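In: model the following, please.
(one chain, ligands or ions: 1)
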Amino acid sequence: MGSQPEVNVYSNRDKLSSALAAYVARRAANAAARRGRFCVALSGGSLMDIIGPPLATMPLSAAIDWAAWHIFWADERWVPKDSPDSNYHHADRQLLTHVGIPVEQIHAVDDSFDPAQTAGRYEDVMRHVLEPEPGQWPRLDLILLGIGTDGHTASLFPDHPALRETQRWVVAVMDAPKPPPIRITMTLPVINNAHSVLFVAAGDQKAQILSRVFKPNGKKPRLPSQLVNPSGGELGWFLDRAAAADLF
Ligand SMILES: O=C(O)[C@H](O)[C@@H](O)[C@H](O)[C@H](O)COP(=O)(O)O
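Out: Next comes the predicted model:
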């Protein structure tokens, strides 16, 4: 890893959830004050279980200017939106349906095309909304990531060609080792261009991979989660004590 990340460890998952929600709410308010809106990309897995409920609960939810939020997905499975495998479905159930983000600011992946076309169209949506300068990467305010026990993040899996993408913002992954196999994912250059990237991990099953990620023991970083290092942004980790057990 490059610049030293900010590592926040909480005694249990509930404390992690509350602290993370409060932190994201502060970042959203800062982004809205500076740039007029807050563009955040969500991931799947347990992330929305961890952050959704505290964000959607009073009094925090009443203190958030939801009209400033734009929701993107760092990755999405190529499944119908009402599938239990859909990251949109999970986010909708845990957060979006409970708060007042304008529906036109919830940029779900349109899975009505084949995977490659879906990826290309999502890139078009990002270009239309984020409006980077020509030839520049889009810049999200915050990207929230999980980490798999194999070190994957978003739908970027170890030793996968998608890790070497240098042109496209979003690519299709047809052979994800974590089911379902067909996914859409933002690429590393997009993730590493964000103002802020936060990894969120809880539970003792993450202790071993976090130890590998944080203590490469001289090995060249090659796990997807190790390749996340925002060049002009901040990198942070929100962990519970169980996940951080082997770090200190
Ligand atoms: O769509 C996905 O599957 C996720 O984006 C994926 O990258 C997830 O964040 C990790 O697999 C961790 O998932 P858990 O937190 O559930 O272990």
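In: helix or strand for H90, which one?
Out: Assessed by DSSP states H and E, H90 sits inside helix 87-94.
In: for the helix or strand just after that helix, enumerate the helices and strands it packs against.
Out: Later in the chain than helix 87-94, the nearest helix or strand by DSSP H and E is helix 115-130. On a contact count with 3 or more Cβ pairs under 8 Å, 6 or more residues apart in numbering; DSSP states H and E, helix 115-130 meets strand 170-173, strand 183-186. Glycine gets a C-beta too; all of them are placed from N, C-alpha and C.
In: now do the buried residues in helix 115-130.
Out: 115, 118-123, 126, 130 (16 or more other Cβ atoms under 10 Å).
In: just stretch 136-150 next, same as before
Out: Buried-residue list, stretch 136-150, by 16+ other Cβ under 10 Å: 137-148.
In: dump those to CSV, plus pLDDT.
Out: Listed next are the buried residues of stretch 136-150 as CSV, based on pLDDT from 0 to 100:
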residue, pLDDT
W137, 98
P138, 98
R139, 98
L140, 98
D141, 98
L142, 98
I143, 98
L144, 98
L145, 98
G146, 98
I147, 98
G148, 98
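In: what's the closest of these to Q167?
Out: W137 (10.3 Å; Cβ to Cβ).
In: helix, strand or coil: sort out that closest one for me.
Out: Secondary structure, DSSP: H, G, I helix; E, B strand; the rest coil: W137 is coil.
In: name the element the spatially closest residue to it that is not a sequence neighbour belongs to?
Out: For W137, ignoring the flanking residues on the chain, the nearest one in space by Cβ to Cβ, 6 or more residues apart in numbering is N193 at 4.1 Å. Of the helices and strands defined by DSSP H and E, none includes N193.
In: then A29?
Out: Counting by DSSP H and E, A29 is part of helix 13-35.
In: alpha carbons of that helix, as PDB, please.
Out: Extracted C-alpha coordinates of helix 13-35, given in PDB (Å, rounded to 0.1, in the frame of the first residue of the first chain):
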ATOM      1  CA  ARG A  13     -20.100  -4.400  14.500                       C
ATOM      2  CA  ASP A  14     -22.700  -2.100  15.900                       C
ATOM      3  CA  LYS A  15     -20.200   0.500  16.900                       C
ATOM      4  CA  LEU A  16     -18.500   0.100  13.500                       C
ATOM      5  CA  SER A  17     -21.900   0.700  11.800                       C
ATOM      6  CA  SER A  18     -22.700   3.800  13.800                       C
ATOM      7  CA  ALA A  19     -19.300   5.300  13.400                       C
ATOM      8  CA  LEU A  20     -19.200   4.600   9.700                       C
ATOM      9  CA  ALA A  21     -22.600   6.200   9.100                       C
ATOM     10  CA  ALA A  22     -21.700   9.300  11.100                       C
ATOM     11  CA  TYR A  23     -18.400   9.600   9.100                       C
ATOM     12  CA  VAL A  24     -20.200   9.200   5.700                       C
ATOM     13  CA  ALA A  25     -22.800  11.700   6.700                       C
ATOM     14  CA  ARG A  26     -20.000  14.200   7.500                       C
ATOM     15  CA  ARG A  27     -18.300  13.600   4.200                       C
ATOM     16  CA  ALA A  28     -21.600  14.000   2.400                       C
ATOM     17  CA  ALA A  29     -22.200  17.400   4.100                       C
ATOM     18  CA  ASN A  30     -18.600  18.500   3.300                       C
ATOM     19  CA  ALA A  31     -18.900  17.400  -0.400                       C
ATOM     20  CA  ALA A  32     -22.300  19.100  -0.700                       C
ATOM     21  CA  ALA A  33     -20.900  22.300   0.800                       C
ATOM     22  CA  ARG A  34     -17.800  22.300  -1.500                       C
ATOM     23  CA  ARG A  35     -19.200  20.800  -4.700                       C
END
